[in-house]
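Student: next one to model:
(chains A and B)
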Number of protein chains: 2
Amino acid sequence: MNDHGLSYFEDYLLGATYECGSVSIDQASIIAFAKEFDPQPFHVDPAAAAAGPYGGLIASGWHTAALVMRLLVENYLAAESSLGSAGLDELRWPHPVRPGDTLRVRATVVESRRSVSKPDRGIVKTMVEAANTDGATVMRATAINFVLVRPDPGA
Amino acid sequence: MNDHGLSYFEDYLLGATYECGSVSIDQASIIAFAKEFDPQPFHVDPAAAAAGPYGGLIASGWHTAALVMRLLVENYLAAESSLGSAGLDELRWPHPVRPGDTLRVRATVVESRRSVSKPDRGIVKTMVEAANTDGATVMRATAINFVLVRPDPGA
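Tutor: Residues are numbered from 1 along each chain as shown, chains lettered A, B, ... in the order given. As a prediction, the model looks like this:
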């Protein structure tokens, strides 16, 4: 069970919102991630980035997504019931993430239904939002997760 | 200009498909990525993963996405025109990625239009697909990218 008391599918109630903590990002980690996975000039080269479309270095959206995931694993998904994800709908990066930013993550249950084909689990859809300290949304997506139902104590 | 001859918005023609190379993934890198960003048992703990829902260790979907991005930067997006991404629609991980897998990535232009509000660029939508050597699709998404139009030589 995580700090929000979420443990099994039945605990993810439609409309419930959970604050999932925050994470800071610095220039060195932005560059290191992007050199490995997304080596575009505005992610890896401060001088080129300064002259580029964002007027400075910004984080790869995949870096932002990975940092958001960490907070979801720590504060939203429960180790005893999380069966992984089918994917996400409408993943968006509406505002750039810059060195020194701190991102706050929030998860809201927007759909919750039992699986018809696999009765041991449910499908939870979650609106995930990350915002910087100015309140600008830097990432938004609807995640689709498979979550075990609570075990039958009589089974 | 990249190896496919893609340089500016005008080069991304509706329906064109580009092979973007391949990438292999080993157990050590799966665990290292997941310990940092997605520390769920089936991504970081081989023994727990063997007893878990996938019968073995699998890569974080975010790791797969990041590796796919690398190939898109190297073989599809062009440094002189790529302005970043608004996000992706229908990101899916239909089949797990396991240690030792080699993923082949393909990009198909599914929409291409000039921006109305910003005439220096266009919006390119791309169906991105990654498959393993058995031909199973391990990731699929529609990426939305902003791409500079070819500079006017008379300007």
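
Student: between helix B:61-75 and the longest helix along chain A, find me the angle.
Tutor: Counting by DSSP state H, the longest helix found in chain A is helix A:61-75. Here the directions of helix A:61-75 and helix B:61-75 differ by 180 degrees (axes from the mean of the first three to the mean of the last three Cα atoms, to 10 degrees).

Student: next SSE downstream of helix A:61-75?
Tutor: strand A:82-92 (DSSP states H and E).

Student: so how far is the very next helix or strand once past that next one off the chain centroid?
Tutor: For strand A:82-92, the following helix or strand on the C-terminal side (DSSP H and E) is strand A:102-114. Here the centre of strand A:102-114 is set off from its chain's centre by 9 Å, with Cα atoms, centre = their mean, to the nearest Å.

Student: what do you get for stretch A:15-24?
Tutor: Distance of stretch A:15-24 from the chain centroid (Cα atoms, centre = their mean) equals 10 Å.

Student: same thing with stretch A:83-90?
Tutor: For stretch A:83-90, the distance to the chain centre is 11 Å (Cα atoms, centre = their mean).

Student: pull that stretch out as PDB, backbone CA atoms only.
Tutor: C-alpha atoms of stretch A:83-90 as PDB (Å, rounded to 0.1, in the frame of the first residue of the first chain):
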ATOM      1  CA  LEU A  83       0.600  -4.900 -13.900                       C
ATOM      2  CA  GLY A  84       2.000  -2.300 -16.200                       C
ATOM      3  CA  SER A  85       0.600   0.000 -18.800                       C
ATOM      4  CA  ALA A  86      -1.000  -0.400 -22.200                       C
ATOM      5  CA  GLY A  87       0.100   3.100 -23.100                       C
ATOM      6  CA  LEU A  88      -1.100   6.700 -23.000                       C
ATOM      7  CA  ASP A  89      -3.400   8.900 -24.900                       C
ATOM      8  CA  GLU A  90      -2.800  12.500 -25.800                       C
END
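
Student: list the buried residues in it.
Tutor: Buried residues in stretch A:83-90, counted by 16 or more other Cβ atoms under 10 Å in any protein chain shown: A:83-89. Placement of C-beta: from N, CA and C, glycine included.

Student: specify which member of these is nearest to B:Ala141.
Tutor: A:Gly87 (7.8 Å; Cβ to Cβ).

Student: nearest spatial neighbour of that closest one, skipping sequence neighbours?
Tutor: B:Arg92 (3.7 Å; Cβ to Cβ, 6 or more residues apart in numbering or on different chains).

Student: and that neighbour, how many neighbours?
Tutor: Applying other Cβ atoms under 10 Å in any protein chain shown, we find 18 residues neighbouring B:Arg92.

Student: that one pairs with what?
Tutor: Counting by DSSP bridges, B:Arg92 is bridged to A:Gly87, B:Arg140.

Student: wait, it sits on B:Met139?
Tutor: Yes: with contacts counted by Cβ atoms under 8 Å, B:Arg92 reaches B:Met139, the gap being 7.0 Å.

Student: nearest residue to A:Leu13 other than its sequence neighbours?
Tutor: Using Cβ to Cβ, 6+ apart, the closest residue to A:Leu13 is A:Val109 (6.1 Å).

Student: ok so, going back, got the contact list for the residue nearest to A:Gly87?
Tutor: Counting by Cβ atoms under 8 Å, 6 or more residues apart in numbering or on different chains, B:Arg92 touches A:86-87, B:139-141.

Student: for it, give its distance to A:Asp11.
Tutor: Going from B:Arg92 to A:Asp11 by Cβ to Cβ, to the nearest Å gives 26 Å.

Student: what do you get for A:Asp134?
Tutor: From A:Asp134 to A:Asp11 the distance is 33 Å (Cβ to Cβ).

Student: do the same with A:Ala28
Tutor: In terms of Cβ to Cβ, A:Ala28 sits 38 Å off from A:Asp11.

Student: those two: which has the busier surroundings?
Tutor: Set A:Ala28 next to A:Asp11 and count neighbours by other Cβ under 10 Å: A:Asp11 wins out with 19 against 9.

Student: can you list the contacts of B:Arg92 in CSV and add distance to A:His4 and pLDDT?
Tutor: As requested, these are exported to CSV (distance: Cβ to Cβ, whole Å; pLDDT from 0 to 100):
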residue, distance to A:His4, pLDDT
A:Ala86, 22, 97
A:Gly87, 23, 98
B:Met139, 30, 98
B:Arg140, 32, 98
B:Ala141, 29, 98
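
Student: could I get those residues as TSV with distance to A:Leu77?
Tutor: Shown next, in TSV, are the contacts of B:Arg92 (distance: Cβ to Cβ, whole Å):
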residue	distance to A:Leu77
A:Ala86	14
A:Gly87	15
B:Met139	20
B:Arg140	23
B:Ala141	21
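
Student: of those, just say which sits nearest to A:Ala79.
Tutor: Looking across the contacts of B:Arg92 and measuring by Cβ to Cβ, the closest to A:Ala79 is A:Ala86, at 18.9 Å.
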